[in-house]
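**Q** build the 3D model from these lines:
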Amino acid sequence: VSRQALEHNEDQHDQYQMYIAENFHPTQLVFIDESGFDGYCTEHILIFVRHSILPALLLDGILHLGVQEHSYTLTTFNEFIDNLLENMNPYPQKNLLG
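**A** Numbering: from 1, shown residues only. Predicted structure coming up:
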């Protein structure tokens, strides 16, 4: 069992979902989710390359996108968030970071 599964609390999860549903409109929310893929790149030779993609998703599209040739670290993730915040709006407008 993963650490995350051991720490999961169904009651807290339900309370959080209720709080979000009662206090925010769906257009105010922005979701981020990192995804990675491995592949090969050719420039006269084949080399192994790891890519990570980190989109900031809205209900109607992508607000911000980061792509790099390695996994995100704390530093590069924080840089992504700093750049994302430049595209965010203050409460109660849409595209809030929640």
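**Q** only C-alpha atoms from now on, for both contacts and neighbour counts.
**A** Noted.
**Q** ok, which stretches of the protein are helices?
**A** For the chain, applying DSSP state H gives helices covering 3-7, 10-23, 74-85.
**Q** who wins for proximity to residue 32 among those helices?
**A** Ranking the helices of the chain by proximity to residue 32 (CA to CA) places helix 74-85 first, at 9.6 Å.
**Q** elements contacting that closest one?
**A** With contacts taken as 3 or more CA pairs under 8 Å, 6 or more residues apart in numbering; DSSP states H and E, helix 74-85 sits against strand 61-68.
**Q** could you give the mean pLDDT of stretch 20-33?
**A** Computed over stretch 20-33, the mean pLDDT rounds to 91.
**Q** mind listing what's buried in it?
**A** Buried residues in stretch 20-33, counted by 16 or more other CA atoms under 10 Å: 28-30, 32.
**Q** chain center to it: distance?
**A** For stretch 20-33, the separation from the chain centroid amounts to 13 Å (computed by CA atoms, centre = their mean, to the nearest Å).
**Q** stretch 15-25 too?
**A** For stretch 15-25, the distance to the chain centre is 19 Å (CA atoms, centre = their mean).
**Q** equivalent analysis for stretch 27-41, please.
**A** On CA atoms, centre = their mean, the centre of stretch 27-41 falls 6 Å from that of its chain.
**Q** CA atoms only: put it into PDB for me.
**A** The C-alpha trace of stretch 27-41 is given here as PDB (Å, rounded to 0.1, in the frame of the first residue of the first chain):
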ATOM      1  CA  THR A  27     -14.800  28.500 -13.900                       C
ATOM      2  CA  GLN A  28     -12.700  29.700 -11.000                       C
ATOM      3  CA  LEU A  29     -10.700  26.500 -10.700                       C
ATOM      4  CA  VAL A  30      -7.400  25.600 -12.400                       C
ATOM      5  CA  PHE A  31      -6.000  22.100 -12.200                       C
ATOM      6  CA  ILE A  32      -2.400  21.000 -12.700                       C
ATOM      7  CA  ASP A  33      -1.200  17.500 -13.400                       C
ATOM      8  CA  GLU A  34       2.300  16.400 -14.500                       C
ATOM      9  CA  SER A  35       2.700  13.700 -17.100                       C
ATOM     10  CA  GLY A  36       5.900  12.200 -18.400                       C
ATOM     11  CA  PHE A  37       6.900  10.100 -21.300                       C
ATOM     12  CA  ASP A  38      10.100   8.500 -22.500                       C
ATOM     13  CA  GLY A  39      11.200   8.500 -26.100                       C
ATOM     14  CA  TYR A  40      14.100   8.700 -28.600                       C
ATOM     15  CA  CYS A  41      15.400  11.700 -30.300                       C
END
